[in-house]
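Undergrad: need a 3D model of the sequence below.
(2 chains)
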Amino acid sequence: MEENNKKIPKVFSQALEEVKRDQREDDWSDHDHTDWGDNWDVWSDVV
Amino acid sequence: MILIAKIVSIDCNLKCDYCFYHQRSQNNNRLMSYDTLETLIKEGCDHSPICIQFIWHGGEPLLAGLEFFEKIIEFQNKYRKNGQNIVNRVQTNGTLIDEKWAKFFHSNRFRIGISLDGPKNLHNIFRKYPDKDGSFDATWQGIQTLKQNYVVPGIIAVINSVNVKFPQEMFEFFIASELKNLVFNPAMVKDDISGFPTGMVAEPMDYSNFINKIFDLWLERDDSKTEIRQIKSIIHALIGGKYRSCRFKSECQKYPTIEYNGDIFPCDSEAQSKSICFGNIEQGLGYIFSSEIYKEYEKKIQQIRTGCLNCQWYKICHGGCTRDYYSKPRELPKNYFCDGLKNTYEYISESLKFYGILLS
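TA: Got it, this is the predicted structure:
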């Protein structure tokens, strides 16, 4: 199929990776009444 | 486990027009006692020995003062189990953040969420001080102070009947401001008498079109460091992952909110009604979670979704946020945003199909 030959955007690839990671790790579900970003290591210590 | 603590109850230094606490009297001098705080932290640490997340909420939680937050750390150090991961999160309007707060948050690894509704002209429409002055400048200064101290906050933007028309302006503003962890929650203000959403609430299809446009912009930008929770949650749900957002779980009872006096409610959105109180933290979380009222609430959450069970998208959103439900006489309760959200699920699904991630 032509669609399947499209290059998958990075944001979709990342989502696929996150799903795989979630299946390996404990539930760290978020709550919509605060926000902080999931990637603590990315944005906390060094900006 | 997540515990949401309303340490100053609903007291706030702002008076935003659409705040669901707006019409309730505010005395601005409530504060959780150190005894209640210690009990809360001990209970949380005891009940969830591997990982416990505290969300320090309000009202405006920074009204509690820095000394109160230093007590939080003191009690957590006292009750932390061996190997236990304690995560602290704060949701704030940002207007009170100064160097001392920013340094404290950085050194104690707090994760900060700021309420910011877009650029100044959009933010100031509803987010105001009691004297009606807009709060953007003070919030913006708070964000800059955080960044200067190596803390980059996440952002909750409340999408209302005005800024819902400006998705591109909103997205470009946040990206240009290097704010990349974003949540776009719809405002929900119900009329006291009719119980229906007021004119400040975005129309369901307008909200859907807003999210769809944000999705397009996010996809076009294709930056894996830009996180938009609603979109990520939908994608994760569609491809079989865990839900990033409580809105899609229909498990409101799992987000207990502790009022300043220790009373426990299902969620801070629900706490406004004061109709369902599980008990008090002094009774212990174990007692609360096994109580009849807790179990009854769990059933109620499912019951109001009865009309959703045959929907093709039920496995994605599980009926959405309980706060967004309303009822008409002789009709099943309905999520106000339902029709719009279905449109967005379809829209994102089509994109995933286009790239072969979902089967056509």
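Undergrad: can you show me the strands along the stretch 51-200 of chain B?
TA: Counting by DSSP state E, counting those that start in this stretch, the stretch 51-200 of chain B has these strands, from start to end: B:51-57, B:85-92, B:111-115, B:154-159, B:181-186.
Undergrad: can you add mean neighbour count and give those back as CSV?
TA: Where C-beta positions appear, they are placed from N, C-alpha and C, glycine not excepted. Compiled in CSV, the strands of the stretch 51-200 of chain B are given as follows (neighbours: other Cβ atoms under 10 Å in any protein chain shown):
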stretch, mean neighbour count
strand B:51-57, 23
strand B:85-92, 21
strand B:111-115, 25
strand B:154-159, 23
strand B:181-186, 24
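Undergrad: out of those strands, which comes closest to B:Glu38?
TA: Among those, strand B:51-57 comes nearest to B:Glu38, with 12.9 Å by Cβ to Cβ.
Undergrad: redo the strands of the stretch 51-200 of chain B as JSON lines? Include distance to chain A and mean pLDDT.
TA: Formatted as JSON lines, the entries for the strands of the stretch 51-200 of chain B read as follows, by distance: least, Cβ to the nearest Cβ, whole Å; pLDDT from 0 to 100:
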{"stretch": "strand B:51-57", "distance to chain A": "5", "mean pLDDT": "92"}
{"stretch": "strand B:85-92", "distance to chain A": "4", "mean pLDDT": "93"}
{"stretch": "strand B:111-115", "distance to chain A": "3", "mean pLDDT": "94"}
{"stretch": "strand B:154-159", "distance to chain A": "3", "mean pLDDT": "94"}
{"stretch": "strand B:181-186", "distance to chain A": "3", "mean pLDDT": "93"}
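Undergrad: any weak-confidence spans in the stretch 251-360 of chain B?
TA: Confidence mapping of the stretch 251-360 of chain B against pLDDT under 70 gives the ranges B:268-275.
Undergrad: in it, what residue lies closest to chain A?
TA: Taking Cβ to the nearest Cβ, chain A has its nearest neighbour within the stretch 251-360 of chain B at B:Gly356, 3.5 Å off.
Undergrad: quick revisit: reformat the strands of the stretch 51-200 of chain B as a markdown table; add distance to B:Gln141.
TA: Compiled in a markdown table, these are given as follows (distance: least, Cβ to Cβ, whole Å):
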| stretch | distance to B:Gln141 |
| --- | --- |
| strand B:51-57 | 21 |
| strand B:85-92 | 13 |
| strand B:111-115 | 11 |
| strand B:154-159 | 15 |
| strand B:181-186 | 20 |
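Undergrad: and of these, who's closest to B:Ile214?
TA: Within the strands of the stretch 51-200 of chain B, the stretch nearest B:Ile214 is strand B:181-186; the backing value is 6.6 Å (Cβ to Cβ).
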